[in-house]
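> Got a predicted structure here, sequence first:
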Amino acid sequence: MLKINDLRASIEGKEILNGINLEVKAGEIHAIMGPNGSGKSTLASVLAGREEYEVTGGYVDYQGKSLLEMAAEERAAEGIFLAFQYPVEIPGVTTINFLKTAVNEIRKYKGENPLDAAQFLKLVRQKAALVSMNDSLLKRSLNEGFSGGEKKRNEIFQMAVLEPRLAILDETDSGLDIDALRIVAEGVNALRSAERATIVVTHYQRLLDYIVPDYVHVLYKGRIVKSGPKELALELEEKGYDWIKAEVEAQHA
Amino acid sequence: MSTETIDLKTKLVADFYSREATLNGEAQSTFHQLKRAALLHFEETGFPSPRNEEWKYSNVRELVGKSYQFSGEHAVTAELINSLEIPNLAGNILYFINGRYEASLSTIVSPPEQLSILPLTEAAKQQPELVTKYFGQLARYQADPFTALNTAFAHDGVFIQVPAGKVVEQPIILRFISDARTQNVGSNPHNIVAIGRGAQVKLAESFRTLGEAYSLTNIVTEIHVAEDAYVEYYKVQNETEQAYHVGTTQVQVLDRANFYAATVSLNGAFIRNNLNIEINGEHCEVYMYGLYLPDGKQHIDNHTVADHMKPNSNSNELYKGVLRERATGVFNGKIYVRPDAQKTNAFQSCKNVVLSTEATMNTKPQLEIFADDVKCSHGTTTGQLDEEALFYMRSRGISKPEALTLLMAAFCEDVVSQIKIDAIREYLTGVITDKLAAK
Ligand SMILES: Nc1ncnc2c1ncn2[C@@H]1O[C@H](COP(=O)(O)OP(=O)(O)OP(=O)(O)O)[C@@H](O)[C@H]1O
Ligand SMILES: [Mg+2]
């Protein structure tokens, strides 16, 4: 589904991704871990099509197409979804109106008829229930004045409505209480299928208790320096990153 | 000074005297004597240059460099008017064609005990004492050269009275149409609105130009708001790329009155709006909202004054602008708090989004506070588009133009939602969406 080959990206002349290689197949869940500032969010943003980052090398194949040549909105229409580490507040645009526009723009892209108000409302009700999203939040300006947890839940709610093929969750678990964490995990697991895949960026094992990954990768200084089975996450939680950093330094020495 | 500048001024001055010669006895009236004084003042000052601090960022050279037909003649029919309607607009609709009030095209639905409307010149003849009590008393000709010019030529326009205690249920909508289909046209309409104690009124002015020739509208509206009255005042400008507009709305509110203004400037070559509110009473509530969306080479300048003369009143102001292409915008907001005006609350905010590197916005908040027990604040922001928000929306599948339109519409909504005449608000929402989506 997704094949990242030697991906390099920089911002303001500063190299942040230094040759990422990663393959994600349909049906898989990949966890990406790594110390602060290692480039996890940058990778997620580049995959979602953020133009501020300059891609300086490599290519990304997504379902047989060259991902890097697509505009952000095209990627979304092709099934990529990024749950933001820091969801943006948009005053004056209600969550519901925003999402309706998104759903219908994607439908237009696929040559489908737009959902009418009743159809859309039904969809929203169903998905809101799935992630226990409060009705009143939907009518408010997008994320404006939402608590940290409410913002994260809104991301998962949007994901549930848009039903992406490839979901990238950037620290969606941070700042969530246990109940919210379980709801987020349920939202992700509800989408789990042989045609879909998920990349979960996290610092904590606790999310991975609910969303069990097939692979765990460690990103460090803009590269994936270690990959392993789900047990790697446990090991990282126990030992921290120092031993990995030491391994990397040793290789370069 | 260019020769053309002299031409327009010279022509106007000559027009004045030749008209005066036809007046006979009326020339002695107080009404006319004030006009004459205004003319002499205009003769002396001429049009403002950028050296005039109040006109620093709004150069009138282009406007002054044209000639206009000021006679008021036109070929606008009722049929044409009907094709221009803002959909679903109902109420008292007053048409002014090339500045002149056209009673035959207008519709007055409110009963005469609620609302009296007379052409200004007519009113000056019928009730000279009453008219001179108001005429030029708020909008003083010494204050601004365009006001002087308007005062000298204040033949057209209307005198609107709402007696004390009356609630005028239907809005009063003044529609100014410049018929520039065959020639350049100019007008100097002057309106006086006298709203009695405790009366309630919704008032709107809308401006439109037909045709491709140049038009100059130099309008003055004086609004006297007596104690306990409640007034909404809307100004909507959607004109052509050849339309010049200079307008002064001079308001006085007395004790416990509420005055609520919203100015929306959509299109025009050059727009200068002065909205000056004398808060000459206690416990008044004054709101000023504004929205301007210049693109191309359009220039839109809003000057506002909230003059707190008495204690315990509040003023609130929010102006917002979206500037694109090579557009220029000006916002100058003055707040005066006079020594007597203790316990004043005065807030002002001006927010702008500049979407092109060639567009410019000049903002100048000006607070002059002579009382110590007051709460005043002001803030202006001029920024680019929120890229984070744009990316967020695009990452959900919303195309860039659609995302931009949504973001800008949301930005404008704070002001548009303040317009309480449904037909006008809906009309504006449509025009704004189209304009923002167009480029
Ligand atoms: N827009 C930007 N401008 C300048 N530097 C940036 C920008 N975005 C990211 N960086 C830098 O790139 C590096 C990687 O940032 P990134 O946000 O990808 O890290 P991360 O792995 O997601 O960290 P965290 O775990 O703290 O979320 C950091 O050093 C960061 O300061
Ligand atoms: Mg991050």
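Structure's in. What do you need? Residues are numbered from 1 along each chain as shown, chains lettered A, B, ... in the order given. Ligands and ions are numbered 1, 2, ... in the order given.

> Could you pull out the strands in the stretch 51-200 of chain A for me?
Assigned strands in the stretch 51-200 of chain A, in chain order: A:54-62, A:65-66, A:80-83, A:90-94, A:141-142, A:166-170, A:197-201 (criterion: DSSP state E, counting those that start in this stretch).

> of all those, which lies closest to B:Gln114?
B:Gln114 lies closest to strand A:90-94 among the strands of the stretch 51-200 of chain A, at 37.1 Å (CB to CB). Just so you know, the C-beta spots here come from the backbone N, C-alpha and C atoms, and that holds for glycine as well.

> Stretch A:137-154 - what's its average pLDDT?
Averaged over stretch A:137-154, pLDDT sits at 92.

> what's the answer for stretch B:54-69, then?
Averaging pLDDT along stretch B:54-69 yields 95.

> With stretch A:193-208 instead?
Here stretch A:193-208 scores 93 as its mean pLDDT.

> and it, does that touch chain B?
No. Stretch A:193-208 is not in contact with chain B by CB under 8 Å from any CB of the partner chain; minimum separation 14.5 Å.

> a markdown table for the strands of the stretch 51-200 of chain A, including distance to ligand 1 and mean neighbour count?
As requested, the strands of the stretch 51-200 of chain A are exported to a markdown table (distance: least, CB to the nearest ligand atom, whole Å; neighbours: other CB atoms under 10 Å in any protein chain shown):
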| stretch | distance to ligand 1 | mean neighbour count |
| --- | --- | --- |
| strand A:54-62 | 11 | 16 |
| strand A:65-66 | 23 | 12 |
| strand A:80-83 | 12 | 26 |
| strand A:90-94 | 19 | 19 |
| strand A:141-142 | 22 | 22 |
| strand A:166-170 | 7 | 25 |
| strand A:197-201 | 7 | 25 |
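
> With B:Cys284 as the reference, name the closest of the ones you listed.
strand A:90-94 (29.2 Å).

> Tell me the spacing between the spatially closest residue to A:Tyr109 that is not a sequence neighbour and A:Val103.
In space, and not counting its chain neighbours, A:Tyr109 is closest to A:Ala77: 3.8 Å by CB to CB, 6 or more residues apart in numbering or on different chains. A:Ala77 sits at a distance of 11 Å from A:Val103 (criterion: CB to CB, to the nearest Å).

> Now the common contact residues for those two.
Common contacts of A:Ala77 and A:Val103 (CB atoms under 8 Å, 6 or more residues apart in numbering or on different chains): B:Gly397.

> How about chain B: which residue is closest to chain A?
Going by CB to the nearest CB, chain A is nearest to B:Ala410 of chain B, at 2.8 Å.

> contacting residues for that residue?
By CB under 8 Å, 6+ apart, the contact list for B:Ala410 reads A:90-93, A:141.

> hey, C-alpha coordinates of the helix or strand containing it in CSV?
Assigned by DSSP states H and E, B:Ala410 belongs to helix B:400-416. Extracted C-alpha coordinates of helix B:400-416, given in CSV (Å, rounded to 0.1, in the frame of the first residue of the first chain):
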residue,chain,number,x,y,z
LYS,B,400,-7.5,24.8,-1.7
PRO,B,401,-10.0,27.3,-3.2
GLU,B,402,-12.8,25.8,-1.3
ALA,B,403,-10.8,25.9,1.9
LEU,B,404,-9.8,29.5,1.3
THR,B,405,-13.5,30.5,0.7
LEU,B,406,-14.5,28.7,3.9
LEU,B,407,-11.8,30.4,5.9
MET,B,408,-12.5,33.8,4.5
ALA,B,409,-16.3,33.5,4.8
ALA,B,410,-15.8,32.5,8.5
PHE,B,411,-13.6,35.6,8.9
CYS,B,412,-16.3,37.8,7.5
GLU,B,413,-19.1,36.2,9.4
ASP,B,414,-18.4,38.1,12.6
VAL,B,415,-19.5,41.3,10.8
VAL,B,416,-22.1,39.9,8.3
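
> quick one: average pLDDT of that helix?
92.

> which other residues reach whichever helix or strand comes after that helix?
Toward the C-terminus, helix B:400-416 is succeeded by helix B:422-438 as the next helix or strand (DSSP H and E). Residues from elsewhere that reach helix B:422-438 (CB under 8 Å, 6+ apart): B:86-90, B:173, B:204, B:206, B:234, B:236, B:238, B:264, B:266-267, B:293, B:295, B:322, B:401, B:404-405, B:408-409, B:412, B:416-417, B:419.

> Quick one, which of these are buried?
Buried members of those, scored by 16 or more other CB atoms under 10 Å in any protein chain shown, are B:86, B:89, B:173, B:204, B:206, B:234, B:236, B:238, B:264, B:266-267, B:293, B:295, B:322, B:404-405, B:408-409, B:412, B:416, B:419.

> picking up where we left off before, let's have the strands of the stretch 51-200 of chain A in JSON lines, adding distance to B:Asp373.
Output for those, formatted as JSON lines (distance: least, CB to CB, whole Å):
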{"stretch": "strand A:54-62", "distance to B:Asp373": "56"}
{"stretch": "strand A:65-66", "distance to B:Asp373": "67"}
{"stretch": "strand A:80-83", "distance to B:Asp373": "51"}
{"stretch": "strand A:90-94", "distance to B:Asp373": "33"}
{"stretch": "strand A:141-142", "distance to B:Asp373": "36"}
{"stretch": "strand A:166-170", "distance to B:Asp373": "51"}
{"stretch": "strand A:197-201", "distance to B:Asp373": "54"}
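
> quick one: the helices in chain A?
For chain A, the helices defined by DSSP state H cover A:40-48, A:72-77, A:95-109, A:117-130, A:135-139, A:148-162, A:178-190, A:205-210, A:231-239, A:242-252.

> wait, I meant chain B
Under DSSP H, chain B gives helices at B:3-21, B:30-45, B:61-64, B:78-83, B:120-126, B:128-134, B:145-152, B:387-394, B:400-416, B:422-438.

> Out of these, flag the one nearest A:Met159.
Here helix B:387-394 is closest among the helices of chain B (CB to CB), at 13.6 Å.

> can the closest one be found next to ligand 1?
No. Using CB under 6 Å from any ligand atom, helix B:387-394 never reaches ligand 1; the gap is at least 10.1 Å.

> sorry, back to before: give me the subset of the contacts of B:Ala410 touching chain B.
Residues of the contacts of B:Ala410 in contact with chain B (CB under 8 Å from any CB): A:90-93, A:141.

> Of all the helices of chain A, which one is nearest B:Phe42?
Between those, helix A:95-109 lies closest to B:Phe42; by CB to CB that is 51.4 Å.

> From the rest of the structure, what touches the closest one?
Here helix A:95-109 makes contact (CB under 8 Å, 6+ apart) with A:73-74, A:76-77, A:90, A:113-115, A:120, A:123-124, A:137-143, A:154, A:158, A:161-162, B:393, B:396-399, B:402, B:406.

> For residue 114, give me phi and psi.
All of this is about chain A. Note on A:Pro114: backbone dihedrals following degrees, to the nearest 10 are phi -70, psi 150.

> Count the neighbours of A:Asn5 for me.
Neighbour count of A:Asn5, defined by other CB atoms under 10 Å in any protein chain shown: 14.

> so it sits right up against A:Tyr62, yeah?
No. Using CB atoms under 8 Å as the test, A:Asn5 is too far from A:Tyr62 to be in contact (11.8 Å).

> Pretty sure A:Arg50 sits against B:Phe391.
Yes. Counting by CB under 8 Å, A:Arg50 does reach B:Phe391; the two are 5.5 Å apart.

> Now list whatever residues contact both of these two.
Residues touching both A:Arg50 and B:Phe391 (CB under 8 Å, 6+ apart): A:Ala72.

> how about the nearest residue to the residue in the stretch 101-250 of chain B positioned nearest to ligand 2, chain neighbours excluded?
Residue nearest to ligand 2 within the stretch 101-250 of chain B (CB to the ion): B:Asn238, separated by 46.6 Å. Spatial nearest neighbour of B:Asn238, chain neighbours left out: B:Leu266 (4.4 Å); criterion: CB to CB, 6+ apart.
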